[in-house]
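Enquirer: Fold the stuff below for me.
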Amino acid sequence: MQSQSKNKPRSTSVIEQSATDDTANLRIVTAAALGLALVMTGACASKVPANEWTAIAQKYYPGITNVHQEVNVIEGIVDGDKITGYIDMNEQWVELSRRPLKPLDTAEAGQIADVLTTGVGLSQGFAEANQLGVGILPLKFALNYYAEQQGMRQCGNIKTFLSATGWGASAANIVTMTAGTFTGGSAVAGLLVGAMAWNYFPGTEGCEGWLGQPVELRVL
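Expert: Here you go, the predicted model:
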């Protein structure tokens, strides 16, 4: 986020060149963002097919969602709880654990704080430095969702990145609004708070640590 600058009028050729450069940059950023979204979508969509063990778990939990499976070990979400169990030799379901999901982790909170402080800044006349603007929001949600479908290590890496960038951007936004323009203090605040988030509240509590691969859920 940056303040609106009031420059003197420039020549037509300079303005046209600047517009051309901005358009080219926007196309590059947009293409990269769309590429990331396609990667996320493809990764989330690559699920293993359901099998007879999946069907047994479905009989015990008709409303089970977000199913992950590794051989006969099955995990999923039931009534807001994460359940873990397995199918025994008699093809009976054995529940090993059940625990409630955390509604909001610090990585998600950081991204929400970034969105809120950016919204306040825009309402006060500041300009969004990110050329994608609100178009970045679906990508953030997609990245967060993708992270939560992965194992602990990969999920932890992505959540840590989201927490650091979210809280860092929020701090930079607040300093920028206080100073009336983007300053060196904005950058320093963003870096310091981002580093704190990276080290002390990375958001890894939002990682479910799935044992198996996501399943293309269907009733057999």
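Enquirer: show me what contacts G76?
Expert: Contacts for G76 (C-beta atoms under 8 Å, 6 or more residues apart in numbering) come out as A57, Y61, I64, T65, N66, V67, H68, K82, I83. (C-beta placed from N, C-alpha, C; glycine too.)
Enquirer: Assumed it was part of a helix.
Expert: No. Using DSSP: H, G, I helix; E, B strand; the rest coil, the assignment for G76 is strand, not a helix.
Enquirer: list the buried ones in stretch 150-157?
Expert: Q150, C155, G156 (16 or more other C-beta atoms under 10 Å).
Enquirer: pretty sure the second one is touching T204, no?
Expert: Yes. Under the criterion of C-beta atoms under 8 Å, C155 lies in contact with T204, with a separation of 7.3 Å.
Enquirer: ranges for the helices of the chain?
Expert: For the chain, the helices defined by DSSP state H cover 12-45, 52-60, 106-123, 136-148, 152-179, 184-200.
Enquirer: Quick one: the ones you listed as a markdown table, columns for mean pLDDT and distance to I74 too.
Expert: Below are the helices of the chain laid out as a markdown table (pLDDT from 0 to 100; distance: least, C-beta to C-beta, whole Å):
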| stretch | mean pLDDT | distance to I74 |
| --- | --- | --- |
| helix 12-45 | 40 | 19 |
| helix 52-60 | 90 | 5 |
| helix 106-123 | 88 | 26 |
| helix 136-148 | 84 | 17 |
| helix 152-179 | 92 | 18 |
| helix 184-200 | 93 | 34 |
